[in-house]
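Peer 1: Got a predicted model here, sequence first, then my questions.
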Amino acid sequence: QKRLAKKASFDSSYDAGGMKGGKDKKDATFGDGSGGADGSDGDGEGDGAGGVPTARRTARPGPANEQKEETYYDAIKREMSERQARTRAVMDGLDATNRLAMEGVRPGAYVRMRLRGVPCELVEHHDPCTPLLVGGLGQGEEKMGLMKLRFKRHRWFPKLLKARDPLMLSVGWRRFQSLPVYAIEDHNRRLRNLKYTPEHMHCIAAVYGPMAPANTGVVAVQRVDSEVRGWRISGTGVVLELDADFRVVKKLKLVGTPFQIARNTAFITGMFTSQLEAAKFEGASIRTVSGVRGTIKKAVKPGGQLRARDGTFRATFEDKILSSDIVFLRAWVAVDIPRFFNPVTN
């Protein structure tokens, strides 16, 4: 009877919204030691023989009981903000001259520059409508190398751009003339050479010149003289990667004929011009017009008992070939990227 009465009072107080009072009554209900054999009531501490020990009772998790610990990231941010506040306090106590010498020119401030050794023609023929821009280069922008661009011919330019044609590029603070090589990237990350730029899609352009940071915009122009009446901008792009060298490849198909056949082995001639060139392709796969596959085994020394010409090699095939078969080799050969750089001035 007593338990039922306490439970009913707890339920009524909880439904009425008295959360705090309900918690106190619940603690008193479950910690009063009423679970003893004699049925005697406790005083609310619950440390009697039949009660629940106080140490075993756990608090309900909540925002009030959780303590937010400071992480390493928060500690670093706090130290940086404190250091900046101390630096700003010290700088505010200095005069303008010392602060300028220690901190430098702050962004948004106007400066006066004095140039020495400037020719007089610059002042005499200076056009006020053409302002002079003063900029600086980063530490890595003074090196020369190959840049990988994502390039696209401008939709209003009338002609396709041909590889290795001179093109004037504006990349960052630089303007220079170079001979770009166009390519398209296959699914296996191979750069396949293109003779012309695609008509309505992007391609990869390998350009030699002063390196610029990634994501730098690029504008290409073929001619800048005043006789051009059409659209001048040839294409636009963006810098993707910087590297000392890029491997751009193109398809190579070499054709040869057998001059001596012995079962599945044959000596092929006419495909290479020298023994050194044939040795570079040892292990490459070859095929006949009839579909018989084979492998290049070894380059043959010119002359000797076979009286072989220079560039002859020995190959093995899956089946015996005929003397009238034509053997061809399909391979990828690297394209030489011209390292031409010509700065463009006014």
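Peer 2: Sure, I can see it. Numbers count the residues shown, from 1 in each chain.

Peer 1: buried residues in the lengthiest strand in the chain?
Peer 2: Ranked by residue count under DSSP state E, the longest strand found in the chain is strand 248-262. By neighbour count, and taking 16 or more other Cβ atoms under 10 Å as the criterion, the buried residues in strand 248-262 are V248, V249, L254, G256, P258, F259, I261. For the C-beta atoms, the positions are set from N, CA and C on the backbone; glycine is no exception.

Peer 1: Leaving aside the residues adjacent along the chain, what's closest to M147?
Peer 2: V207 (5.1 Å; Cβ to Cβ, 6 or more residues apart in numbering).

Peer 1: Could you tell me whether the one you found really is in a strand?
Peer 2: Yes: inclusion of V207 in a strand is indicated when DSSP: H, G, I helix; E, B strand; the rest coil is applied.

Peer 1: residue contacts, it?
Peer 2: Counting by Cβ atoms under 8 Å, 6 or more residues apart in numbering, V207 touches L146, M147, L149, L169, S178, P180.

Peer 1: any idea how far it is from A183?
Peer 2: In this view, V207 and A183 are 12 Å apart by Cβ to Cβ, to the nearest Å.

Peer 1: again, but for M144
Peer 2: Plainly put, M144 is 21 Å away from A183 if you go by Cβ to Cβ.

Peer 1: From the recorded domain assignment, give the ranges for this protein.
Peer 2: Under the assignment named as automatic domain parsing, the residue ranges that make up the domains of the chain are 2-54, 141-246, 251-334.

Peer 1: closest to E69 out of these?
Peer 2: Closest approach to E69 among those (Cβ to Cβ): domain 2-54, 26.6 Å.

Peer 1: coming back round to it: next, format the buried residues of strand 248-262 as TSV and append distance to G217 and pLDDT.
Peer 2: Rendered in TSV, the data for these read as follows (distance: Cβ to Cβ, whole Å; pLDDT from 0 to 100):
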residue	distance to G217	pLDDT
V248	23	94
V249	28	94
L254	42	92
G256	49	93
P258	56	92
F259	58	87
I261	60	90
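
Peer 1: Which two of these have the greatest separation?
Peer 2: Using Cβ to Cβ, the pair of those lying farthest apart is V248 and I261, separated by 38.0 Å.

Peer 1: After the helix or strand of the chain with the lowest mean pLDDT, which helix or strand is next?
Peer 2: Comparing helices and strands within the chain by mean pLDDT, DSSP states H and E singles out helix 19-30 as the least confident, with a mean of 46. Proceeding C-terminally, helix 19-30 gives way to helix 72-92 as the next helix or strand, assigned by DSSP states H and E.
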